[in-house]
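[1] build me a model from this:
(one chain, ligands or ions: 1)
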Amino acid sequence: MDVLTAIKERRSIRSYLPKEVEPEKLKKVLEAARLAPSARNLQNWKFIAVQDKNTINLLVDACNGQSFVGEAPVFIAACALEDGGLMGCGIPRHVVDVSIAMTHIILEAYEQGLGTCWLGSFNREKVKNILGIPDKAVVVAVTPLGYPAGSVSARPRKAFEEVVSYEKF
Ligand SMILES: Cc1cc2nc3c(=O)[nH]c(=O)nc-3n(C[C@H](O)[C@H](O)[C@H](O)COP(=O)(O)O)c2cc1C
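    As a prediction, this is how the structure comes out:
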């Protein structure tokens, strides 16, 4: 599958089959995160893949009750090991780095026939407590991972002309 096809076809999945994710598929998804680029190549990150059902059930509450989190057989928390400070442009590098890695995760998951749903609605302290994440680490994004329970139509995007300009704003 070429990259643009994966980008076009991927959907946020909010319903999962009770079917295990094969270890080799999970490994590929996590490998895609490991290979992501990062500012200064610092790789200031850790990706935690959770498969224990009891732990995943606890994470539903930590994800503000988003119940579909409890349907998926895997949960991935993408963390920065520490607040990496600001880049020269004033943007926090750890947030950018981990977000790129999470993008790799969701695209490789799609390539493997798996669904994800990037979650920004979660309680960082609860996720940290449940997963034993050190105080100084930052949970940037989380996602369930599993086989989609059905197909999902494409959600709308703004028109190309509205979001792209050439030469000037
Ligand atoms: C940074 C970010 C945070 C998001 N947080 C949530 C969330 O907490 N819960 C949820 O159900 N979807 C969440 N989403 C998914 C978006 O709602 C979804 O990407 C958007 O509606 C477009 O749909 P699509 O991913 O199927 O193209 C999030 C997506 C992003 C990129």
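[2] contacts and neighbour counts: CA atoms only from here.
    Will do.
[3] show me where this protein has helices.
    3-9, 23-34, 53-62, 93-111, 124-131, 160-163 (DSSP state H).
[4] and the angle from the second one to helix 93-111?
    Think helix 23-34. 150 degrees (axes from the mean of the first three to the mean of the last three CA atoms, to 10 degrees).
[5] ok, the nearest residue to residue 67 once chain neighbours are set aside to residue 89 distance?
    Distances taken as CA to CA, 6 or more residues apart in numbering place residue 60 nearest to residue 67, at 5.9 Å, with adjacent residues excluded. For residue 60, the distance to residue 89 (CA to CA, to the nearest Å) stands at 36 Å.
[6] repeat that for residue 78.
    23 Å.
[7] residue numbers of this protein in contact with the ligand?
    Contacts of the chain with the ligand, taken as CA under 6 Å from any ligand atom, map to 11-12, 117-121, 155.
[8] distance of the residue nearest to residue 139 when sequence neighbours are not counted relative to the ligand?
    Among residues not flanking residue 139 along the chain, residue 79 sits closest, at 4.2 Å (CA to CA, 6+ apart). Separation of residue 79 from the ligand (CA to the nearest ligand atom, to the nearest Å): 14 Å.
[9] how about residue 48?
    Counting by CA to the nearest ligand atom - residue 48 and the ligand are separated by 18 Å.
[10] one more: residue 101?
    For residue 101, the distance to the ligand - CA to the nearest ligand atom - is 13 Å.
[11] tally of neighbours for that residue?
    Number of residues near residue 101 (other CA atoms under 10 Å) recorded here: 25.
[12] how near is it to residue 116?
    From residue 101 over to residue 116 (counting by CA to CA), the distance is 14 Å.
[13] equivalent analysis for residue 33, please.
    From residue 33 over to residue 116 (counting by CA to CA), the distance is 14 Å.
[14] which sections of this protein are below the confidence cut-off?
    Judged by pLDDT under 70, the chain has no weakly predicted residues.
[15] could you point out the longest strand in it?
    strand 138-146 (DSSP state E).
[16] lovely, talk soon.
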